[in-house]
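Novice: Provide a 3D model corresponding to the input given below.
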Amino acid sequence: MMIHDITAIAGKHKSRKRIGRGQGSGQGKQAGRGHKGAGSRSGNSRRAAFEGGQMPYFRRMPKFGFTNVQFKTKFFVVNLGTIVEHPDFAKGGLVNFETLCKAGLVRDQSRDLKILGDLGEGKSLTVKLDITANRVTDSARKHVEEAGGKVIETGTRRDMVRGIDRNSDDRSPKNLTKKLRRTGAGKKK
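Specialist: Next up is the predicted model:
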């Protein structure tokens, strides 16, 4: 069989290797396990990247630098269109963690909640929603307020530490945790 002969019918199913069935099977004698050692024994399982006891590659490599990936804020993201399509919110109402969990749109309260403003192609918001979430995008806020609803952003832990009021127009941090870099702008001449 050639590679161009493989179709949906021919070559769709590959027959299983039948090991330990004697010399005529093509997998006789050691049955693909090689000679002796732990790999030839039953019950052997070695972890990934195990190099036979020598210092593994990832430990031989020099370590340097810093990553702040563990400080990343993770969100449960819900679109306005998904909320409005759900029967619980078809006539409007309160949208928060409890109501979204009850509706099955959010799993639990282990992450922060973010509401996005995607309603779908050519649709507009016609029901009044009162949203309380950690983050609400500007487009979602615009849609909700145009429909007569209101938005309360509670902010994330990071927002609270930095002193950011998500509900005001000025969202600049008030508590600067780092010293500003010295520049020539503030010096007297």
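Novice: C-alpha from now on. contacts and neighbour counts both.
Specialist: Will do.
Novice: before we move on, what SS does residue 132 have?
Specialist: strand (DSSP: H, G, I helix; E, B strand; the rest coil).
Novice: who's in contact with it?
Specialist: 94-96, 151-154 (C-alpha atoms under 8 Å, 6 or more residues apart in numbering).
Novice: one more time with 10 Å
Specialist: By C-alpha atoms under 10 Å, 6 or more residues apart in numbering, the residues touching residue 132 are 94-97, 113-115, 150-155.
Novice: which of these lies closest to residue 21?
Specialist: residue 113 (57.8 Å; C-alpha to C-alpha).
Novice: what average pLDDT does the helix or strand where that closest one lies get?
Specialist: Per DSSP states H and E, residue 113 falls inside strand 112-116. Taken as a whole, strand 112-116 carries a mean pLDDT of 96.
Novice: do stretch 20-30 as well
Specialist: Mean pLDDT, computed over stretch 20-30, is 88.
Novice: can you offset everything so residue one is 25?
Specialist: All right, first residue 25 from here; so that's stretch 44-54.
Novice: check the offset of it from the chain's centre.
Specialist: Centroid displacement of stretch 44-54 relative to its chain, using C-alpha atoms, centre = their mean, to the nearest Å, is 47 Å.
Novice: buried ones in that stretch?
Specialist: residue 51 (16 or more other C-alpha atoms under 10 Å).
Novice: number of nearby residues for residue 42?
Specialist: Applying other C-alpha atoms under 10 Å, we find 12 residues neighbouring residue 42.
Novice: and for residue 81?
Specialist: Other residues close to residue 81 by other C-alpha under 10 Å number 10.
Novice: what does residue 121 give?
Specialist: 20.
Novice: so what's it up against?
Specialist: Counting by C-alpha under 10 Å, 6+ apart, residue 121 has contacts 127, 129-133, 136-137, 155-158.
Novice: buried ones among those?
Specialist: Buried members of those, counted by 16+ other C-alpha under 10 Å: 129-130, 136-137, 155-158.
Novice: ok, and the closest non-adjacent residue to residue 131?
Specialist: residue 125 (6.0 Å; C-alpha to C-alpha, 6 or more residues apart in numbering).
Novice: mind checking pLDDT for the one you found?
Specialist: 95.
Novice: quick one: contacts for it?
Specialist: Counting by C-alpha under 10 Å, 6+ apart, the residues that residue 125 touches are 131-133.
Novice: all strands of the chain, in order?
Specialist: Here the chain has its strands, by DSSP state E, at 99-103, 117-119, 136-140, 153-157, 159-160, 174-177.
Novice: can you point out the buried residues in the first one?
Specialist: Just to be clear, that refers to strand 99-103. 99, 101-103.
Novice: residue 152 is in contact with residue 107, correct?
Specialist: No - assessed by C-alpha atoms under 10 Å, residue 107 is found out of contact with residue 152, at 11.9 Å.
Novice: joint contacts of these two?
Specialist: Common neighbours of residue 107 and residue 152 (C-alpha under 10 Å, 6+ apart) are 113-114, 116.
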